[in-house]
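S.K.: Need a 3D model of the sequence below.
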Amino acid sequence: MALKKLVVVLLGVMLESNKVDATVWNVGDHGWTFDVQGWESGKNFMAGDTLVFNYKVGDHSVTIVNESNYKECIVPEDAIIYSSGHDEFVLNKGITYFTCGILGHCTAGMHIAPYAA
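M.R.: Presented below is the predicted three-dimensional model:
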């Protein structure tokens, strides 16, 4: 019985320690806006980190696309477009491709591709 309690406590500590290690990043530092491209350069993202996209509702949006669509600034018809003005995404390991879903905004620099280790 004591061993069971110890295991439960250790699991709880391990889960809490993972939360402490995660970082919350405000994309663009001052918001999701034009010319944010490259903001992710030089940053050390980890799987489990959260990216927060802040912007004025109606001015922008956020969508996750594949590499090909990212490079061509294409938002597929079936893409999920987030538009709350405060969208949060937890990074998985690898590269995630984010763009603004409003026509012309991606080509104006509203796209990032952070890599999470």
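S.K.: Going by C-alpha atoms from here, please, whenever you check contacts or count neighbours.
M.R.: Will do.
S.K.: quick one: H60 from I112, how far?
M.R.: To I112, H60 is 14 Å away according to C-alpha to C-alpha, to the nearest Å.
S.K.: T33 now?
M.R.: With C-alpha to C-alpha as the criterion, T33 and I112 are 11 Å apart.
S.K.: N26 now?
M.R.: Here N26 is placed at a distance of 13 Å from I112 (C-alpha to C-alpha).
S.K.: out of these two, which sits in the more crowded spot?
M.R.: When N26 and I112 are compared on other C-alpha atoms under 10 Å, the one with more neighbours turns out to be I112, at 24 against 15.
S.K.: State the distance from that one to D21.
M.R.: Applying C-alpha to C-alpha to I112 and D21 gives a distance of 23 Å.
S.K.: G42 too?
M.R.: Shown here: G42 relative to D21, a distance of 19 Å by C-alpha to C-alpha.
S.K.: Y97 too?
M.R.: Plainly put, Y97 is 23 Å away from D21 if you go by C-alpha to C-alpha.
S.K.: Looking at those two, which has the bigger crowd around it?
M.R.: For the pair Y97 and D21, the greater number of neighbours falls to Y97 (19 against 11), based on other C-alpha under 10 Å.
S.K.: ok, and the closest non-adjacent residue to the more buried one?
M.R.: Distance criterion C-alpha to C-alpha, 6 or more residues apart in numbering; nearest residue to Y97, sequence neighbours excluded, is A113 at 4.6 Å.
S.K.: Now do the same contact list for the one you found.
M.R.: Contacts were defined as C-alpha atoms under 8 Å, 6 or more residues apart in numbering; by that measure A113 touches E40, I95, T96, Y97, F98.
S.K.: D49 contacts E88, correct?
M.R.: No. Taking C-alpha atoms under 8 Å as the definition, D49 is not a contact partner of E88, at 10.2 Å.
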